[in-house]
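Trainee: Just a sequence and a predicted model for now, questions to come.
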Amino acid sequence: MTPTESIGERLLRLRREKGLSQLALTGPGISTAHISRIESGKRQPSVKAIRLLARKLDVSPEYLETGSSIRASDSLELRLTEAEIQVRLGDDLDAAFRTLLDVHAEAGRTSEPGMATRALVGLGLVAATRGNHDEAARFVEQAIETGNLDPATQPDVFVTLGRMYWLLDRYERAAEFLEDTIEQLENGPPGEVATARSTLMTYLSYALSSLGEFGRARELLLRVHEEQAQSSDPYSQARLHWSLARLAKMEGKLPTALRHLRHSIALLESSEDNVHRARAQQLCAQVFNLDDQPERALEHVALAEELFGAGINAIDRGLIRAEQAKALAALGRGDEALARARESVGLLEADPDFLASGWHALARARAACGETDEALVNYKQAVERISASPGEWREAVQACHGWAALLTANGDGEGAARVIARALEIEWHGTTRHAQADREDRR
């Protein structure tokens with residue numbers, strides 16, 4: 001090969017070196033005449049043609065096109081790795097998704113099971129980032145079913161699938177899957193599986209709390225705490241406090257939640273995991289909005305946005321916009337609140353659970369702007385959805401009070417009384433559930 005060798009010359013040389021005729025290289029859309037014109041320099045091959053010819057010549061498409069000596073498997077892994085980095089950075093997810101689909105197909109043809117599995121994981125992460133939870137679950141399920149993944153070394157993949165089940169309201173499936181995965185770690189060397197075990201147990205506590213099993217969730221988190229008592233890993237400790245904060249918020253124990261959140265943030269400031277730091281700040285904003293402290297909520301919204309950066313996914317951005325809109329509405333900044341609330345609903349519309357928070361924000365923003373009829377519709381949507389989640393009763397009660405106040409201002413005292421009665425019912429069920437959980441914990 002010379003530095004000036006053209007693609008046609010390279011094709012001719014490789015074909016002769018391998019003792020192949022032009023007919024042997026033909027395929028769909030590629031005739032002997034087509035190949036002859038490429039070899040003579042009269043035609044440039046398409047990407048599809050390069051891939052087919054490269055496969056028949058047993059070289060990489062890059063080598064055929066450019067003369068680079070990289071092996072086909074190395075080329076495939078390079079494309080895969082670049083796509084994986086794109087996914088992690090949130091950079092051009094559409095291009096990354098297309099590459100991962102191509103890599104998965106090519107890895108299947110060339111018997112590269114490890115890379116095929118990695119491609120499936122990447123596809124699942126793209127779908128999860130886009131909020132396509134059902135699609136994400138299917139991709140990650142396929143990846144795990146290959147048997148090429150180990151929960152001890154790749155717990156994040158197993159956590160992702162558990163989280164997708166949770167977001168799809170498949171709480172029982174999430175708990176069952178995470179419990180089975182934890183069981184797989186039981187016989188592993190303690191030093192090697194400790195971090196994975198703690199991570200999976202923490203996410204299992206989320207599934208249990210969503211099922212209303214607060215006693216089991218708290219017991220699990222306490223076990224994690226005991227196992228990590230001697231750990232010097234700030235990320236693991238911070239995640240534990242974030243989980244305890246989430247559980248406390250669901251139980252309506254806001255001061256306890258804030259105490260754990262502050263501890264979590266302090267620990268995370270010593271690590272580089274900005275996404276988890278951002279989510280802790282986002283949760284702080286929600287707690288302060290529930291506690292009618294909008295100025296403090298906005299402070300934490302700003303911190304969350306800064307920490308998330310450009311790689312923020314749609315769900316996280318939508319939740320931030322919801323808390324921002326609620327705080328702005330409480331401060332009488334109706335137009336700003338309405339813009340943020342509409343953005344939130346647009347971002348969260350693919351997920352019914354999170355969309356409820358967007359509806360609540362939109363209701364408060366429209367009420368602040370005097371759009372009474374529209375606000376009443378959004379309050380009803382929000383309350384119906386939020387009250388269906390046992391862990392979010394505090395927000396459901398708050399939405400009911402906003403709804404009732406608007407009905408009263410609109411002259412519908414009877415309607416307001418019905419909504420207040422509903423708020424009392426929601427609060428009674430919420431506090432009763434938590435009181436029962438506390439009694440069980442003390443036994």
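Mentor: Now that the structure is in, tell me what you want to look at.
Trainee: Residue 118: what's its closest spatial neighbour, skipping adjacent residues?
Mentor: Excluding the flanking residues, the one nearest residue 118 by CB to CB, 6 or more residues apart in numbering is residue 80, at 5.9 Å. No exception for glycine: its C-beta is placed from N, CA and C like everyone else's.
Trainee: Measure how buried that neighbour is and give me the count.
Mentor: For residue 80, the neighbour count with other CB atoms under 10 Å is 24.
Trainee: And for residue 46?
Mentor: 12.
Trainee: Kindly report the domain assignment for the protein.
Mentor: Per the record, the chain has its domains at 7-70, 313-443, by automatic domain parsing.
Trainee: which one of those has the most crowded surroundings?
Mentor: domain 313-443 (a mean of 20; mean count of other CB atoms under 10 Å).
Trainee: buried sites along the helix or strand where the residue nearest to residue 118 lies?
Mentor: Element membership for residue 80, per DSSP states H and E: helix 72-89. Neighbour-count burial for helix 72-89 flags 72, 75-77, 79-80, 83-84, 86-87 (criterion: 16 or more other CB atoms under 10 Å).
Trainee: Now for residue 27: which residues touch it?
Mentor: By CB atoms under 8 Å, 6 or more residues apart in numbering, the residues touching residue 27 are 52, 56.
Trainee: gap between it and residue 17?
Mentor: Distance check for residue 27 against residue 17: by CB to CB, to the nearest Å, it reads 20 Å.
Trainee: Take the domains of the chain and lay them out in CSV including distance to residue 304.
Mentor: Shown next, in CSV, are the domains of the chain (distance: least, CB to CB, whole Å):
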stretch, distance to residue 304
domain 7-70, 42
domain 313-443, 6
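Trainee: Which one of these lies nearest to residue 143?
Mentor: domain 313-443 (19.6 Å; CB to CB).
Trainee: for the closest one, the distance to its chain's centre please.
Mentor: Put simply, domain 313-443 sits 23 Å off its chain's centre (CA atoms, centre = their mean, to the nearest Å).
Trainee: Output the helix or strand containing residue 140 as CSV, restricted to C-alpha atoms.
Mentor: Using DSSP H and E, residue 140 maps to helix 133-145. In CSV, the C-alpha atoms belonging to helix 133-145 read as follows (Å, rounded to 0.1, in the frame of the first residue of the first chain):
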residue,chain,number,x,y,z
HIS,A,133,-39.0,3.5,30.7
ASP,A,134,-40.7,0.6,29.1
GLU,A,135,-38.2,0.5,26.2
ALA,A,136,-35.3,1.0,28.6
ALA,A,137,-36.5,-2.0,30.7
ARG,A,138,-36.7,-4.2,27.6
PHE,A,139,-33.1,-3.4,26.5
VAL,A,140,-31.6,-3.9,29.9
GLU,A,141,-33.6,-7.1,30.4
GLN,A,142,-32.1,-8.4,27.2
ALA,A,143,-28.6,-7.4,28.4
ILE,A,144,-29.0,-9.2,31.7
GLU,A,145,-30.5,-12.3,30.1
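Trainee: now what about it, what contacts it?
Mentor: Applying CB under 8 Å, 6+ apart, the external contacts of helix 133-145 come out as 117, 120-121, 123-125, 127-128, 149, 157-158, 160-161, 164-165, 167-168, 351.
Trainee: Pull out the buried residues from those.
Mentor: For the contacts of helix 133-145, a neighbour count by 16+ other CB under 10 Å gives the buried set as 117, 120-121, 123-125, 127-128, 149, 157-158, 160-161, 164-165, 167-168, 351.
Trainee: Which of those fall in helices?
Mentor: Under the assignment DSSP state H, the buried ones among the contacts of helix 133-145 contribute 117, 120-121, 123-125, 127-128, 157-158, 160-161, 164-165, 167 to helices.
Trainee: on that earlier part again, which residues touch the residue nearest to residue 118?
Mentor: Contacts of residue 80 by CB under 8 Å, 6+ apart are 99-100, 103, 107, 115, 118-119, 122.
Trainee: Show me which residues of the strand or helix carrying residue 282 are buried.
Mentor: Take DSSP H and E as the rule and residue 282 turns out to sit in helix 274-290. Buried residues in helix 274-290, defined by neighbour count with 16+ other CB under 10 Å: 276-290.
Trainee: coming back round to it: run the chain-centre distance for the helix holding residue 80.
Mentor: 20 Å.
Trainee: contacting residues around the helix or strand that comes right after it?
Mentor: Downstream of helix 72-89, the next assigned helix or strand under DSSP H and E is helix 93-109. Contact with helix 93-109 is made by 55, 76, 79-80, 82-83, 86-87, 112-113, 115-116, 119-120, 122-123, 126, 129-130, as judged by CB under 8 Å, 6+ apart.
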